[in-house]
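# structure for this input, please:
(chains A and B)
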Amino acid sequence: DGGITQSPKYLFRKEGQNVTLSCEQNLNHDAMYWYRQDPGQGLRLIYYSQIVNDFQKGDIAEGYSVSREKKESFPLTVTSAQKNPTAFYLCASSISDSLGYGYTFGSGTRLTVV
Amino acid sequence: LAKTTQPISMDSYEGQEVNITCSHNNIATNDYITWYQQFPSQGPRFIIQGYKTKVTNEVASLFIPADRKSSTLSLPRVSLSDTAVYYCLVSISGDYKLSFGAGTTVTVRA
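Model prediction:
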């Protein structure tokens, strides 16, 4: 079955550590996205990538970094510079010009700072 | 991106029809209206998209008046499993950034 796989489902980070969240898709989608969701709030865009080896900052990119070396993969690193990283992180993908139609989301990674 | 406004929450009972209205007063000519559904601890799921008039699929209907400044998502005969957050978005060709507001939390009771 085609879809997006995010791992791990739960992640615990100590203060000052960098952690990397994995996102893999086998839908042959060109575009991929990372969103952050805090309790009771909507999704906020962190980074997005339209093609391999290219990505753009979203609304809340500070303290995060990404790479897009393969079409299928778009890992997100939460760095120690992100002061409040505890949140639910969602990865999504779409065809190049989807008009918002048919975004496919992963099942998310819940990150907690301990 | 056009800003959207929708109710924070709505309550309903099983078997009833739920209508969620979204305002998007500054929608542009090339914008489409899209609705997503999100269950707790899951990613949003596409429900329906439309440009004008009425669109219907196996899950919902979307009503868009001629001025397109609002739209209404209609969920027929809801069940407990329809309890979720529903997001209204406007999207334009060539703009990859979908903006999700707080959405409408729909609670269906037995």
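# got the CA positions of the helix or strand of chain B with the lowest mean pLDDT in PDB?
Within chain B, no helix or strand scores below strand B:84-92, which has a mean of 90 by mean pLDDT, DSSP states H and E. C-alpha atoms of strand B:84-92 as PDB (Å, rounded to 0.1, in the frame of the first residue of the first chain):
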ATOM      1  CA  ALA B  84     -13.100  15.000  14.800                       C
ATOM      2  CA  VAL B  85     -11.600  18.300  14.000                       C
ATOM      3  CA  TYR B  86     -12.600  19.700  10.600                       C
ATOM      4  CA  TYR B  87     -10.400  22.200   8.800                       C
ATOM      5  CA  CYS B  88     -11.500  24.600   6.100                       C
ATOM      6  CA  LEU B  89      -8.700  25.800   3.800                       C
ATOM      7  CA  VAL B  90      -8.400  27.900   0.600                       C
ATOM      8  CA  SER B  91      -5.600  27.000  -1.800                       C
ATOM      9  CA  ILE B  92      -4.300  28.500  -5.000                       C
END
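# quick check: mean pLDDT of the next helix or strand along the chain from that strand?
Helices and strands here follow DSSP states H and E; after strand B:84-92, the next one along the chain is strand B:104-109. Mean per-residue pLDDT for strand B:104-109: 97.
# paired strands for strand B:104-109, with orientation please.
Strand B:104-109 sits in its sheet next to strand B:9-13 (parallel), strand B:84-92 (antiparallel), going by DSSP bridges.
# columns distance to residue A:89 and mean neighbour count on top of the ones you listed, output as JSON lines?
Yep, even glycine has a C-beta here, placed from its N, CA and C like the rest. Below are these laid out as JSON lines (distance: least, Cβ to Cβ, whole Å; neighbours: other Cβ atoms under 10 Å in any protein chain shown):
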{"stretch": "strand B:9-13", "distance to residue A:89": "25", "mean neighbour count": "13"}
{"stretch": "strand B:84-92", "distance to residue A:89": "17", "mean neighbour count": "23"}
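# residue contacts, residue 72?
In the absence of a named chain, this looks at chain A. A:24-26 (Cβ atoms under 8 Å, 6 or more residues apart in numbering or on different chains).
# meant chain B actually
Taking Cβ under 8 Å, 6+ apart, we find residue B:72 in contact with B:19-22, B:62-63.
# among the residues you listed, which are in strands?
Within those, residues falling in strands by DSSP state E are B:19-22, B:62-63.
# buried ones only from those, please, as a ChimeraX command.
Typed into ChimeraX, the next command selects the buried ones out of the ones in strands among the contacts of residue B:72 (criterion: 16 or more other Cβ atoms under 10 Å in any protein chain shown):
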select /B:20,22,62,63
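# tell me which helix or strand the residue of chain B at minimum distance from chain A sits in.
Chain B approaches chain A most closely through residue B:43 (2.6 Å), counting by Cβ to the nearest Cβ. In this structure, residue B:43 sits in neither a helix nor a strand according to DSSP H and E.
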